[in-house]
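Enquirer: one predicted model, sequence on top.
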Amino acid sequence: MNVADSELVASILNKNDFTIVDNIDDAEIIIFNTCSVRQHAEDRVLGRISNEISRKNSNTQLKIGVIGCMAQRLGNKLQKQNEKIDFVVGTDQYKKLPEIIMYLFENPGFRSDTIINNKEIYEDIFPIHTGKLNAFITIMRGCNNFCSYCIVPYVRGRERSRDVEDIINDVHKTGKQGFKDVTLLGQNVNSYNYQGIDFAELLRRVNKVETIKRIRFVTSHPKDLSDEVIEVMANSEKICEHLHLAMQSGDDEILRSMNRGYKADHFNNIVQKLRRAVPDIAITSDVIAGFPGETQAQFKRTYDLMKKIEFDYAFTFKYSPREGTKAAKFNDHIPEETRLDRLQQLINLQQDITLKKYKDQIGKVKEIYVEKLSKRSNEELAGKSRDFKITVFKGDKSLIGTFVNVRITDAVGWTLKGKEV
Ligand code: SAH
Ligand code: SF4
């Protein structure tokens, strides 16, 4: 989502005669796009900002700005933390960036704009895609779910969907530019609705766009993933066999306290349904360890459900209290040590499962969208399978941007190795 927003901002600035430089030393303006989902993300960016701000000693004209969720969350407070920051602009005010920046060059000082505009959807802006072959296409902004741990609804405002025609045009144009793999983005894509057109229908329409070959989407919410969407996934040749579906916890009481709107059984049932409907589908997930009040027995339920389901991959997080959210006010927070210990157990478990899942691929022939030379060798290429597994094989760099069938011969960590067939 943040990559997509950075591309949107790049496009807004580009239209106003700003250009992106390749080397940060040449920049007259540095903009940090930030994340607030966990404290760790905020701490890291504060460190980065302090590092870059020292450039102002030698380049007195340099302007430094902060945008994104952290800018939205902290507003003017950010400037108090680091008084050399020139501007802070929230998630709904990016169209004002050119004017704010120009103003600052003429009137040095500090400017901020963090007004939430629940209608802003940036419909008329075609982002500059910075990826090489995969493009992100935002289909909706904001979130109405208010999961009790999550800051997103507070910093991105209410849910709103983009015009279906704009989305289809973007997908078409993106494909013509050479991006054959598109990812539709939203905090909860399953509740996409534009004038009665729901997500299943949007998928059907995107599947008909001729210029692209692969479709992915994130993020799906288990409470809203309908049978119809599963059916469309099963019947649309361009929709990849991969779904990211955040489980968060395997315990009903914790799920209730998280305000997730489903029980562990429901989650497990959807996974089974998906596996029946879409053979060989890869399912990845997000899981939180050490949510307030989580007992050892409740944690064990999460552990056991992860073990039973066997995700292809899972992002595991230690619960991080976010000021202003409901869970931050709960009075039964888990000690940091316990949170870390539980997180480590989930990481170890998932590592074994991922390796096993990847080893299961040996012998299969997979279609790889070749993205680049591999990091290790100039004779090897790296790309992704439809089920989102990085695959490395020997081949000439002229194959970059094409689709190649590869027989898998080995799995090392989270990478598959193979031979072109
Ligand atoms: N809209 C997406 C998730 C966006 S945030 C969805 O609902 O699936 C990405 C992930 O960060 C979440 O799925 C959750 O696992 C994690 N996360 C969010 N807030 C968190 C917090 N306060 N502490 C730890 N992890 C958190
Ligand atoms: Fe956060 Fe829940 Fe919305 Fe995802 S669905 S962004 S976790 S509030």
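Expert: Looks like it came in fine. Ligands and ions are numbered 1, 2, ... in the order given.

Enquirer: list the residues that contact Ile215.
Expert: Residues in contact with Ile215, defined by CB atoms under 8 Å, 6 or more residues apart in numbering, are 182-184, 203, 206-207, 236, 238-240. Yep, even glycine has a C-beta here, placed from its N, CA and C like the rest.

Enquirer: of these, which is the most crowded?
Expert: With neighbours taken as other CB atoms under 10 Å, the top of these is Val182, carrying 26 neighbours.

Enquirer: the helix or strand that one falls within: what's the following helix or strand?
Expert: Element membership of Val182, judged by DSSP states H and E, is strand 181-185. Next helix or strand after strand 181-185 toward the C-terminus (DSSP H and E): strand 193-194.

Enquirer: centre of the chain to that following strand, how far?
Expert: Here the centre of strand 193-194 is set off from its chain's centre by 21 Å, with CA atoms, centre = their mean, to the nearest Å.

Enquirer: likewise for stretch 116-129?
Expert: Centroid separation for stretch 116-129 versus its chain: 17 Å, with CA atoms, centre = their mean.

Enquirer: repeat for stretch 129-148
Expert: Centroid separation for stretch 129-148 versus its chain: 7 Å, with CA atoms, centre = their mean.

Enquirer: which bits of the stretch 1-150 of the chain sit near ligand 2?
Expert: Within the stretch 1-150 of the chain, the positions near ligand 2 by CB under 6 Å from any ligand atom are 143, 145-147, 150.

Enquirer: so which of those sit within strands?
Expert: Under the assignment DSSP state E, these contribute nothing to strands.

Enquirer: of these, which are in range of ligand 1?
Expert: Counting by CB under 6 Å from any ligand atom, Cys150 from these sit close to ligand 1.

Enquirer: what's the closest of the residues of the stretch 1-150 of the chain next to ligand 2 to ligand 1?
Expert: Of all these, ligand 1 sits closest to Cys150, with 4.4 Å by CB to the nearest ligand atom.

Enquirer: what about the closest one, how many residues nearby?
Expert: Around Cys150 there are 22 residues (other CB under 10 Å).

Enquirer: ok, it touching Arg322?
Expert: Yes - taking contacts as CB atoms under 8 Å, Cys150 lies within contact range of Arg322: 7.1 Å.

Enquirer: what sits in contact with each of the two?
Expert: Applying CB under 8 Å, 6+ apart, one finds that Cys150 and Arg322 are jointly contacted by Val37.

Enquirer: strands of the stretch 151-300 of the chain, start to end?
Expert: Applying DSSP state E, counting those that start in this stretch to the stretch 151-300 of the chain gives strands spanning 160-161, 181-185, 193-194, 197-198, 214-218, 242-244, 282-289.

Enquirer: out of these, which gets nearest to ligand 1?
Expert: Using CB to the nearest ligand atom, the strands of the stretch 151-300 of the chain put strand 282-289 closest to ligand 1, at 3.4 Å.

Enquirer: which bits of the stretch 251-400 of the chain sit near ligand 1?
Expert: Residues of the stretch 251-400 of the chain lying near ligand 1 (CB under 6 Å from any ligand atom): 286, 288, 317, 319-320, 322.

Enquirer: where in the stretch 1-150 of the chain is pLDDT low?
Expert: Within the stretch 1-150 of the chain, no stretch has pLDDT under 70.

Enquirer: one more pass at 90, please.
Expert: Where the stretch 1-150 of the chain drops to pLDDT under 90, the residues are 80-82, 123-124, 130-132.

Enquirer: just the helices in it please.
Expert: For the stretch 1-150 of the chain, the helices defined by DSSP state H, counting those that start in this stretch cover 2-15, 39-53, 69-74, 77-81, 97-106.

Enquirer: quick one: closest of those helices to Glu120.
Expert: helix 2-15 (10.9 Å; CB to CB).

Enquirer: can you give me the buried ones in the closest one?
Expert: 4-13 (16 or more other CB atoms under 10 Å).

Enquirer: thinking again about what came up before, now, of the residues of the stretch 1-150 of the chain next to ligand 2, which are buried?
Expert: Those of these that meet the buried threshold are 143, 145, 147, 150, by 16+ other CB under 10 Å.
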